[in-house]
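Novice: Sequence and predicted structure are below.
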Amino acid sequence: MARFSEHSDGSLTLDTKAVFADDEHAIAVHSATAQRGEFSYRAHEVDVFHVEADRIVEIWSFSEDQGATDTLWS
């Protein structure tokens with residue numbers, strides 16, 4: 001997450017709406033905003049965290065606007 005913050009010039013903000021979890025996965029539903037140069041990003045996102053031995057080992061991220069997500073992070 002620190003790399004995402006750096007890449008967005010520190011502007012990445014996540015407004016978490018809900019979190020669901022069991023022993024192997026955590027799911028976060030949030031609204032995300034970021035600014036990178038002249039580009040403004042705003043989208044609803046769902047992140048799924050795969051957890052093993054109390055550590056996040058994989059993250060699967062889904063955005064309502066994949067094109068904007070690709071523009072922001074490329």
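Specialist: Okay, I see it. Numbers count the residues shown, from 1 in each chain.
Novice: Only C-alpha atoms from now on, for both contacts and neighbour counts.
Specialist: Will do.
Novice: where's Ser63 relative to Asp22, distance?
Specialist: According to C-alpha to C-alpha, to the nearest Å, Ser63 and Asp22 sit 22 Å apart.
Novice: do the same with Asp65
Specialist: Per C-alpha to C-alpha, Asp65 is found 27 Å from Asp22.
Novice: Of these two, which one has the most company?
Specialist: Asp65 (13 against 8; other C-alpha atoms under 10 Å).
Novice: Isn't that one up against Val46?
Specialist: No - look at Asp65 against Val46 with C-alpha atoms under 8 Å: they stay out of range, at 11.6 Å.
Novice: Who are the contact partners of the nearest residue to His44 once chain neighbours are set aside?
Specialist: Using C-alpha to C-alpha, 6 or more residues apart in numbering and skipping the chain neighbours, the partner closest in space to His44 is Ser31 (4.4 Å). Ser31 is in contact with 14-17, 42-45, counting by C-alpha atoms under 8 Å, 6 or more residues apart in numbering.
Novice: can you pick the most crowded of these?
Specialist: Neighbour counts for the contacts of Ser31 peak at Glu45, which has 20 neighbours (criterion: other C-alpha under 10 Å).
Novice: In which helix or strand does that residue reside?
Specialist: Per DSSP states H and E, Glu45 falls inside strand 39-52.
Novice: Which per-residue confidence value corresponds to the closest residue in space to Ser63 that isn't next to it in sequence?
Specialist: Counting by C-alpha to C-alpha, 6+ apart, Ser63 lies nearest to Glu45, which is 4.4 Å off, once chain neighbours are set aside. At Glu45, the predicted lDDT confidence score is 95.
Novice: And stretch 59-74, end to end?
Specialist: With C-alpha to C-alpha as the measure, what separates the two termini of stretch 59-74 is 18 Å.
Novice: Just the mean pLDDT for it, thanks.
Specialist: The average pLDDT within stretch 59-74 is 90.
Novice: now do stretch 27-39
Specialist: Here the average pLDDT along stretch 27-39 is 93.
Novice: before we move on, what about stretch 4-16?
Specialist: On average, stretch 4-16 scores 85.
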